[in-house]
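1. What follows is a predicted structure for the sequence shown.
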Amino acid sequence: MSQRYICARVFGRVQGVGFRYFTQQEASRLGLVGRASNLADGSVEVMAAGASEQVARLLIWLQSGPRTASVERLQVEELDRLDRDYAGFFAH
C-alpha cells in the first residue's frame, strides 16, 4: 500500500466553526497522521500522511468539512514527506 503526503489549504468559513476538531476526528478515523492549523489569512492548513486511499478519502471530506463550515475552495499540494514526524493527528 503506497503512502501519500499532502498539504491542503481549505478556504471559506472554516475558522471558529470546529473545522480543525472535526478534521482531527476524521483523519484519526482514517488512520492518518499530521495536523490541522488555523492560518492568519482565515484558512485552515491540513498536513496529512497515510495510505493513499485514506488520504484521498480525507480530501473528499475536506471539500465540504463539517456542516458548521462553508468550504469555498480546497488547494492541495503533494509532498515528498511531512514537515516532521507525527505520532497521530493533531489540531493546533
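-> Cool, the structure landed.

2. from here on, contacts and neighbour counts on C-alpha atoms
-> Fine.

3. and the residue nearest the centre of the chain, what helix or strand is that in?
-> Taking Cα atoms, centre = their mean, the centroid of the chain lies closest to V46, which sits 3.4 Å from it. Taking DSSP states H and E as the definition, V46 sits inside strand 44-51.

4. The following helix or strand past that strand versus strand 44-51: what angle between them?
-> Using DSSP H and E, the helix or strand that follows strand 44-51 in sequence is helix 52-62. Calculated by axes from the mean of the first three to the mean of the last three Cα atoms, to 10 degrees, helix 52-62 forms an angle of 160 degrees with strand 44-51.

5. Now do the buried residues in helix 52-62.
-> Taking 16 or more other Cα atoms under 10 Å as the neighbour-count basis, helix 52-62 is seen to contain the buried residues 54-55, 58-59, 62.

6. cool, and stretch 22-37?
-> Buried residues in stretch 22-37, defined by neighbour count with 16+ other Cα under 10 Å: 22-24, 26-27, 30, 32-37.

7. Farthest pair within the residues you listed?
-> Farthest-apart pair in those is L30 and S37; separation 18.4 Å (Cα to Cα).

8. What is the helix or strand containing Q24 packed up against?
-> In this assignment (DSSP H and E), Q24 forms part of helix 19-29. Secondary structure elements in contact with helix 19-29, counted by 3 or more Cα pairs under 8 Å, 6 or more residues apart in numbering; DSSP states H and E, are strand 33-38, helix 52-62, strand 89-91.

9. Now tell me what touches the second one from outside.
-> It refers to helix 52-62. The set of residues external to helix 52-62 that reach it, using Cα atoms under 8 Å, 6 or more residues apart in numbering, is 1-6, 10, 23, 26-27, 30-32, 48-49, 71, 74.

10. how about D41, secondary structure?
-> Secondary structure, DSSP: H, G, I helix; E, B strand; the rest coil: D41 is coil.

11. Quick check, pLDDT for it.
-> pLDDT, D41: 98.

12. now the one 3 residues further on
-> The predicted local confidence for V44 comes out at a pLDDT of 98.

13. just checking, it touches N38?
-> Yes. Counting by Cα atoms under 8 Å, V44 touches N38, with 4.6 Å between them.
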